[in-house]
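**Student:** Structure of the sequence below:
(one chain, ligands or ions: 1)
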Amino acid sequence: MAATTQQIDAWLEAHRDELIQFLQQLVRIPSESLPPKGSEAAAQAFVEGAYRAAGAEVDVFDPIDVPGLTEHPVYHPVWGDMDRSLENRPCVVGVFRGTGGGRSLLMSSHIDTVGADDPALWTEAGPFSADIIDGKMYGRGTYDTKAGIATGLFAIRCIRELGLELKGDVIVESVSDEEFGGSHGTLACRLKGYNADIAINCEPTNMHVAAATRGGGQWRIEVQGEAGMALGGVERVSSSYKIAWVIEALRQYNLKRNAEIPTPPLYAHEPGLPLYVSQIGGGGDTFAEDQGAAPPSCYANMWCEVYPGTTAEEHAEEIQTFVNGYLDGIEGFDGEYPEYTLELRFLPGSETSTAHPIFGHLEDAYQATHREYVVQGAPFASDGYVFNLHSPTPVVTVGVGGDNAHAPNEYIYVQDLIDLTRIFARTMVSWCG
Ligand SMILES: [Zn+2]
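**Tutor:** Residues are numbered from 1 along each chain as shown. Now for the predicted structure:
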């Protein structure tokens, strides 16, 4: 293995610029998911070409064309109040067959990104520039998760170009429709039969090895109240007051649950679950509402996360019981409870036991790369649940370091791109045999 380690290092050194340039090219092809559509096709054509050039058996397909997708419980073609488009959103899978008798490994990343938003907000470098400044590569999708596509591909290229034969198969996949609770690309690949002894999902973990991902859901909470003006001098229970009570109830709910729910060991480094009220609205629909009258309804949008093991139904029940109970205690509350709607799908959390043998292989690969090996739970929800709860393939999540996912100035550390490719190449050698 020592000789192999040196060979891998030498190959990566010789192909360092090519790896960086591959990611830059990929980032320069926008693949934004913008409601209700995605625009992955051009970037996926580039990935397909790269998989073919590397010698993979390549499969390109739209999730919607995969038998069983629309009957699956994970199928959820909704984007807020819109129908989610699943047309022309290809997934690309590349299979590198082993010689037989070894364990298989699946490297999964998503090609779609959130929108770049206003380019003027990108103060460091343009959203599709892929410029490198002080060791950081900037661009939408660098971190979430185009770097994952680059690391998986270059790791298997390294093995093959060194002439190292693996017994087990290595599968690389670039899936569509992950952002905003998509999951259809990841599900489609599972239903098409691309499963393995272990999957590595390359969501950005800042080089940590995540054995778990949290669950989460985006909720819309809407309240109705007495509209208009109280010319008789009586105070009205307006929807604007009610939404303020709801928001305070949500704050109290989050404080209470974080005080009561035990922190799972994988999350001991970062106790506490997040809840964000991301948007508040109401009123302005009529002239009267702009002239000082109360609107008939108001809403708050909220993102709330849970630890693995909590179902959507349990979570909804818990929030509603708390918020409705809080409102019952408000003097002047009119008795009409809010309406709670799940805006996107609920993404369950999930977990792979740290007793799984992949962890030992990853630890060795980290040590040989002189990078710190830390196992913990990832502080986000992802498609990991599709593997753990709906396929025979368990998953761990490992991705590069950087910052500003879903925000301006998204970036990765270029050195992490190189080091993680080394780690993946070493893991392939030891895991696949
Ligand atoms: Zn994302």
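**Student:** how near is residue 407 to residue 55?
**Tutor:** Residue 407 is 37 Å from residue 55, where distance means Cβ to Cβ, to the nearest Å. Glycine gets a C-beta too; all of them are placed from N, C-alpha and C.
**Student:** and the longest helix anywhere in the chain, average pLDDT?
**Tutor:** Secondary structure of the chain per DSSP state H: the longest helix is helix 2-27. For helix 2-27, mean pLDDT is 94.
**Student:** do stretch 265-274 as well
**Tutor:** According to the model, stretch 265-274 has a mean pLDDT of 94.
**Student:** Centre of the chain to that stretch, how far?
**Tutor:** 18 Å (Cα atoms, centre = their mean, to the nearest Å).
**Student:** What of stretch 18-34?
**Tutor:** 18 Å.
**Student:** tell me what the longest helix of the chain is packed against?
**Tutor:** helix 41-53, strand 136-138, helix 147-161, helix 414-432 (3 or more Cβ pairs under 8 Å, 6 or more residues apart in numbering; DSSP states H and E).
**Student:** Give me the buried stretch members for it, please.
**Tutor:** 4-5, 7-9, 11-12, 15, 19-20, 22-24, 26-27 (16 or more other Cβ atoms under 10 Å).
**Student:** and what of stretch 340-356?
**Tutor:** 342-352.
**Student:** where along the stretch 51-200 of the chain do the helices fall?
**Tutor:** 147-161, 184-191 (DSSP state H, counting those that start in this stretch).
**Student:** how many neighbours does residue 64 have?
**Tutor:** By other Cβ atoms under 10 Å, 17 other residues sit near residue 64.
**Student:** list the contacts for it?
**Tutor:** Neighbouring residues of residue 64 by Cβ atoms under 8 Å, 6 or more residues apart in numbering: 70, 86-87, 89, 184.
**Student:** ok, now residue 245?
**Tutor:** So residue 245 contacts 326-327, 330, 333 (Cβ under 8 Å, 6+ apart).
**Student:** hey, what's residue 398 bridged with?
**Tutor:** residue 209 (DSSP bridges).
**Student:** quick one: pLDDT of it?
**Tutor:** Residue 398 carries a pLDDT score of 98 in this model.
**Student:** Quick check: it touching residue 419?
**Tutor:** No. Using Cβ atoms under 8 Å, residue 398 is not in contact with residue 419; the gap is 11.5 Å.
**Student:** intersection of neighbour lists for those two?
**Tutor:** Common neighbours of residue 398 and residue 419, counting by Cβ under 8 Å, 6+ apart, are residue 207.
**Student:** In terms of neighbours, single out the busier of those two.
**Tutor:** More crowded of residue 398 and residue 419, by other Cβ under 10 Å: residue 398, with 26 against 20.
**Student:** do you know how far the more buried one is from residue 92?
**Tutor:** 20 Å.
**Student:** And residue 421, by the same measure?
**Tutor:** Counting by Cβ to Cβ - residue 421 and residue 92 are separated by 19 Å.
**Student:** What of residue 75?
**Tutor:** 21 Å.
**Student:** Have a look at those two and say which one is more surrounded.
**Tutor:** Per other Cβ under 10 Å, whichever of residue 75 and residue 92 has more neighbours is residue 92, with 29 against 18.
**Student:** can you pull the contacts of residue 383?
**Tutor:** Contacts of residue 383 (Cβ under 8 Å, 6+ apart): 108, 110, 175, 178, 182-183, 185-186, 201, 347.
**Student:** Look up the closest residue to it, ignoring the ones flanking it.
**Tutor:** residue 186 (4.0 Å; Cβ to Cβ, 6 or more residues apart in numbering).
**Student:** I figured that neighbour was touching residue 178, is that so?
**Tutor:** Yes. Here residue 186 lies in contact with residue 178, judged by Cβ under 8 Å, at a distance of 6.6 Å.
**Student:** Am I right that residue 385 sits in a helix?
**Tutor:** Yes. When DSSP: H, G, I helix; E, B strand; the rest coil is applied, residue 385 is found to be in a helix.
**Student:** Roughly how far does it sit from residue 349?
**Tutor:** 7 Å.
**Student:** shared neighbours of those two, which are they?
**Tutor:** With Cβ under 8 Å, 6+ apart, residue 385 and residue 349 have common neighbours 213, 215.
**Student:** circling back to that earlier point, could the buried residues of stretch 340-356 go into JSON lines alongside secondary structure?
**Tutor:** Shown next, in JSON lines, are these (three-state DSSP):
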{"residue": "342", "secondary structure": "strand"}
{"residue": "343", "secondary structure": "coil"}
{"residue": "344", "secondary structure": "coil"}
{"residue": "345", "secondary structure": "coil"}
{"residue": "346", "secondary structure": "coil"}
{"residue": "347", "secondary structure": "strand"}
{"residue": "348", "secondary structure": "coil"}
{"residue": "349", "secondary structure": "coil"}
{"residue": "350", "secondary structure": "strand"}
{"residue": "351", "secondary structure": "strand"}
{"residue": "352", "secondary structure": "coil"}
